[in-house]
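Q: kindly return the folded structure for what I paste below:
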Amino acid sequence: MAQGEYRYICFSIPTESSNSQYAHTEHFLINILDLSTFLEIEDGIEFAISELEKRNDFHPALQFQLARLFRVDQWIEPAFRKLISSSISSLTLDQHAQIGQIGVFHLLRTKDQIDTLHKSLALIAPPVQHGPICQTQFSCEASWENQWDRFGKHLVHPDHVLCGKDIVEQLNAVKIPEMGTDCQQLTITGILERGVVVKDEEYIAEAVKQLISFQTDEPIRAALHDSMQA
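A: Residues are numbered from 1 along each chain as shown. Predicted coordinates for the structure are as follows:
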């Protein structure tokens, strides 16, 4: 950090100065977060976090790195969720480095778990649970499988991916032709009770939990700090 930047930071946290030669660039805000964390200046930390969150170009890989480095725990989950919804091939080498070895491990594993789940859900419709007075079981099952096939494709669609819970909510919002209302409601309730369609959320929650547990690992934080200085 340049001496001029250091002096400006010391006297400007969290003052908004439109005439500053540094303005509120991403680099400068990261320096505020760095120095404020080191000196335990809560106003400076809150200011940097707030200003960085307002930036449209604040990439989740950088957000994830800063969360790990400066113990901004509330950034772990949103950054990880954005990375999960991104294509791995869209990430640059520098962004892979920002995510770090542990982050990339959990990212790849979670994406693979979700991909496997979505493929199985898209291929095989959950079984129909018929109402007690259903007399058209064959047509109920055919209609359900038809509708599931239409919605289920979005689980593996390359441009518009939905999670299992989204699919069930959409199915619940429509009346499936030639399927009894009781059968439809019992089937959807059964899916939710079994919890299969929300397993993708469980995979993400477990990964976030593991990542949060690393937040107090000083050697990892030191390694992350060294990578930023390189």
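Q: please name the residues that touch residue 167.
A: 121, 151-152, 154-155, 197 (C-beta atoms under 8 Å, 6 or more residues apart in numbering). (C-beta placed from N, C-alpha, C; glycine too.)
Q: pLDDT of the strand or helix carrying residue 205, averaged?
A: Element membership of residue 205, judged by DSSP states H and E, is helix 199-213. Taken as a whole, helix 199-213 has a mean pLDDT of 92.
Q: helices of this structure, residue ranges please.
A: Remark: helices assigned in the chain by DSSP state H are 3-12, 26-39, 42-54, 60-70, 76-84, 93-123, 137-152, 164-172, 181-194, 199-213, 218-229.
Q: tell me which of the ones you listed is the most buried.
A: Most buried of the helices of the chain by mean neighbour count (mean count of other C-beta atoms under 10 Å) is helix 60-70; its value is a mean of 23.
Q: quick check: closest non-adjacent residue to the residue minimising distance to the centre of the chain.
A: Per C-alpha atoms, centre = their mean, the C-alpha nearest to the average position across the chain is that of residue 81, at 0.6 Å. Leaving aside its sequence neighbours, residue 81 sits nearest to residue 204 (C-beta to C-beta, 6 or more residues apart in numbering; 6.5 Å).
Q: how close does the one you found sit to residue 167?
A: Using C-beta to C-beta, to the nearest Å, we find residue 204 at a distance of 17 Å from residue 167.
Q: mind showing which ranges of this structure have poor pLDDT?
A: For the chain, residues meeting the criterion pLDDT under 70 lie at 1-23, 158-161, 216-230.
Q: domains in it, by residue range?
A: 3-99+216-229, 127-195 (automatic domain parsing).
Q: got those as TSV, with distance to residue 107 columns?
A: Formatted as TSV, the domains of the chain follow (distance: least, C-beta to C-beta, whole Å):
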stretch	distance to residue 107
domain 3-99+216-229	6
domain 127-195	16
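Q: of all these, which one is nearest residue 111?
A: Closest to residue 111 of the domains of the chain, according to C-beta to C-beta: domain 3-99+216-229, at 6.1 Å.
Q: which one in the protein is furthest away from the centre?
A: The chain, C-alpha atoms, centre = their mean, max distance from centroid: residue 135 (44.0 Å).
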